[in-house]
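Q: this is the structure alone, sequence omitted:
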């Protein structure tokens, strides 16, 4: 009898912590999103869908949805495209490829706060390295983080710089898993390099691409640290992404109901995206038997 | 490792340094006096580190980060290993469902739990405590999944031989599974440690007391204290930033292979 309980004993600590800190919060977000509460008042009255209505009627919500979408649409293909091209040059286990891989990978395990602080300085108007380089070739001062258009691009650049090495390492593992004979066969057929890349490499790393696509879109929709440190969502809301909005509403304004409604909307959006992607790309993913 | 073309090695080294130049340059600046920095000269000093550690409490933040990340790693890897062992070796009612629930956490965006976790910890008085920083971070579905795959690769006959000798499941886990999974456990422990070390949004909301700041929150605050352009004491901020990245950087150089293997094995079957 005791024997039967053994596995439950082993899974209990993990299951309890997952339940308490991951699954129950999903339900409690749903509950909080239909209530009005500011963390101070004694009760939290049920207000139906009012929080959602307020959000959907607010300019800030649509702005942050738009900004986040633009960020994801611009940065994800950039990351994956660059990563695949670089990875295809670094698949062999030689000293030079391992050296470069290590350097490229380093930022992905480095503190995002540090990276954000360093790049705030690199892109600062008066003391930045970028403007110093520009001055050397006769270009005047650029206000990188004070210009709505440029600020978003700076964030895309910083995010790409940080995450690129991770994508590369994953791609290398995917590329190394492709059997060498396939390349031999393709080149015997007289395939040129680009042709081989398109007809052999690209389809066969599809599972890796799919994996990276899923996680990088989810990640892009949740980007927060570099926004919080570098721009605070500004200038004029130009980099005000969804999780930044969530932080502002929930933890600066302490509007728990509306913050939770935003969290639920973002949650549904990300789950829908994941399902949609598996519908569209799902068939193309599984190449190997 | 095969012989390599020295020209390519040189090229790779230069490209790597160029790529990392923003961070390398920031480390260089952290050893410059403010005067030298603002006038474009060079004058070495350790004063920025002295001020960051003393006046600005970064010694305290460093210890906080070490303690919190250490505890999260210890608890997280223990919970994950125990669960992985059960999922790999026992078939039990509800086991598949629980394993499914564990894997599903990989797809659940973490922002959804931010407000509820804040409220529930406030309710039990754990905001502004170490426990409040640690507890929400200890469940790691990825580590459990990864270790389960690894343990399944260990021959079951080893377990059975031990049971013949009258061992209990806990003994089998501790004496057979854990020693044989050491590389996988090390990779995951490292992965958990680095993730926790770099985590920002939860420590930012869960802690208001300066004495409990982690390095990440401390650094962001230090930079944000004087947000006006040109007013920022860049050499000081860069010293603080270097303190924040150095432990992970050193760890990375020591165990790069383990870490990369851990990350890629999870992604590519």
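A: Thanks, I have it. Because the structure is predicted, anything quoted here is derived from the model rather than measured. Numbering: from 1, shown residues only, chains lettered A, B, ... in the order given.

Q: tell me the pLDDT at the residue in the stretch 101-250 of chain A positioned nearest to chain B?
A: Chain B sits closest to residue A:103 of the stretch 101-250 of chain A, with a gap of 2.9 Å, by Cβ to the nearest Cβ. (Each C-beta comes from the backbone N, C-alpha and C, glycine too.) Looking at residue A:103, its pLDDT stands at 91.

Q: quick one: contacts for it?
A: A:165, B:12, B:15-17, B:19-20 (Cβ atoms under 8 Å, 6 or more residues apart in numbering or on different chains).

Q: if I look at it, how far off is residue A:167?
A: Applying Cβ to Cβ, to the nearest Å, the value for residue A:103 to residue A:167 is 15 Å.

Q: could you do residue B:163 as well?
A: From residue B:163 to residue A:167 the distance is 45 Å (Cβ to Cβ).

Q: the two: which has the busier surroundings?
A: residue A:167 (27 against 13; other Cβ atoms under 10 Å in any protein chain shown).

Q: isn't the more buried one right up against residue A:80?
A: Yes - if you go by Cβ atoms under 8 Å, residue A:167 and residue A:80 touch, sitting 6.2 Å apart.

Q: shared neighbours of the two, anything?
A: A:212, A:216.

Q: which of the contacts of residue A:103 are buried, as a ChimeraX select command?
A: The ChimeraX command for the buried members of the contacts of residue A:103 (criterion: 16 or more other Cβ atoms under 10 Å in any protein chain shown) is given here:
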select /A:165 /B:12,16,19,20
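
Q: number of residues surrounding residue A:198?
A: 12.

Q: pLDDT score for it?
A: 79.

Q: so how far is residue A:84 from it?
A: 12 Å.

Q: any idea which element residue A:104 lies in?
A: helix A:95-105 (DSSP states H and E).

Q: other SSEs contacting the host helix or strand of residue A:66?
A: Per DSSP H and E: residue A:66 is located in helix A:59-89. Helix A:59-89 is packed against helix A:148-176, helix A:206-221, helix A:242-247, with contacts defined by 3 or more Cβ pairs under 8 Å, 6 or more residues apart in numbering or on different chains; DSSP states H and E.

Q: dump those to JSON lines, plus mean pLDDT and distance to residue B:190.
A: Formatted as JSON lines, the helices and strands packed on helix A:59-89 follow (pLDDT from 0 to 100; distance: least, Cβ to Cβ, whole Å):
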{"stretch": "helix A:148-176", "mean pLDDT": "94", "distance to residue B:190": "15"}
{"stretch": "helix A:206-221", "mean pLDDT": "88", "distance to residue B:190": "19"}
{"stretch": "helix A:242-247", "mean pLDDT": "95", "distance to residue B:190": "26"}
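
Q: just name the most buried of the ones you listed.
A: For the helices and strands packed on helix A:59-89, average neighbour numbers computed from mean count of other Cβ atoms under 10 Å in any protein chain shown are highest in helix A:242-247, which has a mean of 25.

Q: name the helices or strands packed onto the next helix or strand after it?
A: For helix A:242-247, the following helix or strand on the C-terminal side (DSSP H and E) is helix A:256-285. Applying 3+ Cβ pairs under 8 Å, 6+ apart, we find helix A:256-285 packed against helix A:24-32, helix A:50-57, helix A:206-221, helix A:242-247, helix B:114-123.

Q: of the ones you listed, which is nearest residue A:11?
A: Ranking the helices and strands packed on helix A:256-285 by proximity to residue A:11 (Cβ to Cβ) places helix A:24-32 first, at 17.2 Å.

Q: can you point out the buried residues in that closest one?
A: Applying 16+ other Cβ under 10 Å to helix A:24-32 flags A:25, A:28-30, A:32 as buried.

Q: same question for stretch B:81-100.
A: B:81-90, B:92, B:98-99.

Q: what's in contact with it?
A: A:4, A:6-8, A:10-11, A:13-15, B:102, B:143-148, B:150-152, B:156, B:159, B:173, B:177-178, B:181, B:185.

Q: got it, and stretch B:231-246?
A: Outside stretch B:231-246, the residues touching it (Cβ under 8 Å, 6+ apart) are A:110-111, A:113-114, A:117-118, A:121, A:124, A:127, B:23, B:26-27, B:29-34, B:37, B:48-49, B:51-53, B:56, B:58, B:62, B:215-216, B:218-219, B:222-223, B:226.

Q: got the contact list for stretch A:245-256?
A: So stretch A:245-256 is contacted by A:32, A:35, A:37-40, A:44, A:60-61, A:64, A:224, A:228, A:233, A:258-260, A:262-263, A:266, B:111, B:114-115, B:118-119, B:201, B:205 (Cβ under 8 Å, 6+ apart).

Q: for that stretch, measure first residue to last.
A: One end of stretch A:245-256 to the other measures 12 Å (Cα to Cα, to the nearest Å).

Q: follow-up on the earlier one: and the helices and strands packed on helix A:59-89 as TSV, adding distance to residue B:69?
A: TSV is the format used below for the helices and strands packed on helix A:59-89 (distance: least, Cβ to Cβ, whole Å):
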stretch	distance to residue B:69
helix A:148-176	19
helix A:206-221	21
helix A:242-247	22
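
Q: which one of the ones you listed lies nearest to residue A:88?
A: Closest among the helices and strands packed on helix A:59-89, using Cβ to Cβ: helix A:148-176, at 6.3 Å.

Q: what's that closest one packed up against?
A: Partner elements for helix A:148-176 (3+ Cβ pairs under 8 Å, 6+ apart): helix A:59-89, helix A:95-105, helix A:112-122, helix A:206-221, helix A:225-230, helix B:234-267.

Q: packing partners for the fifth one?
A: Same thing as helix A:225-230. Secondary elements touching helix A:225-230 (3+ Cβ pairs under 8 Å, 6+ apart): helix A:112-122, helix A:148-176, helix A:242-247, helix B:201-206, helix B:215-225.

Q: tell me the SS of residue B:126?
A: Assigned with DSSP: H, G, I helix; E, B strand; the rest coil, residue B:126 falls in the coil class.

Q: can you get me a residue count around it?
A: For residue B:126, using other Cβ under 10 Å, the count is 18.

Q: who are the neighbours in contact with it?
A: B:132, B:135.
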